[in-house]
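*Asks:* Here's a sequence, model it:
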Amino acid sequence: MTQSLNGKIILISGASAGIGRATAITLAQQGARIIALGRREDALEALRDALPAGMVRILAGDLNDDAYLQKVQALAPEVDVFVNNAGVLRYAPILDLSPEDCAWMFQTNVLAALKITQTIARAMVANKRGHIVFMSSIAAREVYRLASVYCATKHALSALARALRLELQGFGIKVTEVAPGMVDTDIRVGSDHPDVLASVANRKFKPLTAQEVADAVVYALQANPNCCPDLIELRPQGAF
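*Replies:* Numbers count the residues shown, from 1 in each chain. The predicted model follows:
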């Protein structure tokens, strides 16, 4: 028997677009109450307005900002599920990446993700229940040309997910890692290196949709209480 999500309070980071937005809408359609985090307030407002009144609360800000994180911390005790989805990407050959690009990816994809997870997990430990979903990537276990540092950040995020699974399971908390391959979202919009553009133009497969990834999150959250999907990998058909 699947678990009902009706009435669950689900916190989603990076909810203003792409996978986060699709996940928020899909979970709200299952009856969950969403707390949507993101940097773009206008996009969060559009998400809220797309769903019935009262289904979505929004909190705009940057997870690298400690003052913003304190506002998130105030909400932590009521959270049943946290979908740790926020992430950034800069495609380029490794020798062409600037120090600023590298720091930006590690700061957001690893350090900020860890800080908010610690905040939410402490409240879940006190409540002795909860479910954390890490949105990693196929890149967490493989390395690709033009995505070296991004792959490194996702390797790190996957390690944190596995460590938290070991440390939190005794408190009744599930930890799931969802690892999609290439997804059709705006995360690559800032990647304009000629090698990257050529690689995308020569792609032989159709990327996953954000909705397909959101459906995997729903599957994980609806699993029987005695079943914890540890890792869900998703690949576009024809990708290798």
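
*Asks:* Nearest residue to the middle of this protein?
*Replies:* residue 85 (1.4 Å; CA atoms, centre = their mean).

*Asks:* could you measure that residue against residue 38, distance?
*Replies:* 10 Å (CB to CB, to the nearest Å). Where C-beta positions appear, they are placed from N, C-alpha and C, glycine not excepted.

*Asks:* Tell me which residues of stretch 94-111 come out buried.
*Replies:* 97, 101-102, 104-106, 108-110 (16 or more other CB atoms under 10 Å).

*Asks:* Please identify which of those is nearest to residue 216.
*Replies:* Residue 216 lies nearest to residue 109 out of the buried residues of stretch 94-111, by CB to CB, at 19.4 Å.

*Asks:* The closest one contacts residue 154, doesn't it?
*Replies:* Yes - between residue 109 and residue 154 there is a contact under CB atoms under 8 Å: 6.9 Å.

*Asks:* which stretches of the chain have low pLDDT?
*Replies:* 1, 185-205, 238-240 (pLDDT under 70).

*Asks:* remind me, longest helix of it?
*Replies:* helix 148-168 (DSSP state H).

*Asks:* how far does it sit from the chain's center?
*Replies:* Offset of helix 148-168 from its chain centre (CA atoms, centre = their mean, to the nearest Å): 12 Å.

*Asks:* what sits up against it?
*Replies:* 87, 89-91, 94, 97, 101-102, 105-106, 109-110, 113-114, 117, 121, 124-125, 132, 134, 136-137, 139-144, 174-177, 179, 228, 230 (CB atoms under 8 Å, 6 or more residues apart in numbering).

*Asks:* Now, of the residues you listed, which are buried?
*Replies:* Buried, going by 16+ other CB under 10 Å: 87, 89-91, 97, 101-102, 105-106, 109-110, 113, 117, 121, 124-125, 132, 134, 136-137, 139-140, 174-177, 179, out of those.

*Asks:* From the residues you listed, which land in helices?
*Replies:* Short answer: the buried ones among the contacts of helix 148-168 in helices (DSSP H) are 101-102, 105-106, 113, 117, 121, 124-125.

*Asks:* Sort out for me which of the contacts of helix 148-168 are in strands.
*Replies:* Mapping the contacts of helix 148-168 onto strands (DSSP state E) picks out 132, 134, 174-177, 179.

*Asks:* would you say residue 21 is within a helix?
*Replies:* Yes - looking at residue 21 with DSSP: H, G, I helix; E, B strand; the rest coil, it is inside a helix.

*Asks:* Could you measure from it over to residue 52?
*Replies:* 16 Å.

*Asks:* between the two, who's got more neighbours?
*Replies:* Using other CB atoms under 10 Å as the criterion, residue 21 and residue 52 rank with residue 21 on top: 24 against 8.

*Asks:* who's in contact with that one?
*Replies:* With CB under 8 Å, 6+ apart, residue 21 has these contacts: 15, 43, 47, 210.

*Asks:* rerun at 6 Å
*Replies:* Neighbour list for residue 21: 15, 47 [criterion: CB atoms under 6 Å, 6 or more residues apart in numbering].

*Asks:* can you pull the buried residues of stretch 65-78?
*Replies:* 68-69, 72-73, 75-76.

*Asks:* can you put these in TSV and add secondary structure and distance to residue 234?
*Replies:* Shown next, in TSV, are the buried residues of stretch 65-78 (DSSP: H, G, I helix; E, B strand; the rest coil; distance: CB to CB, whole Å):
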residue	secondary structure	distance to residue 234
68	helix	30
69	helix	29
72	helix	27
73	helix	31
75	helix	29
76	helix	29
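
*Asks:* out of those residues, who's nearest residue 7?
*Replies:* residue 75 (16.2 Å).

*Asks:* Count the neighbours of residue 11 for me.
*Replies:* Residue 11 - counted by other CB under 10 Å - has 24 other residues nearby.
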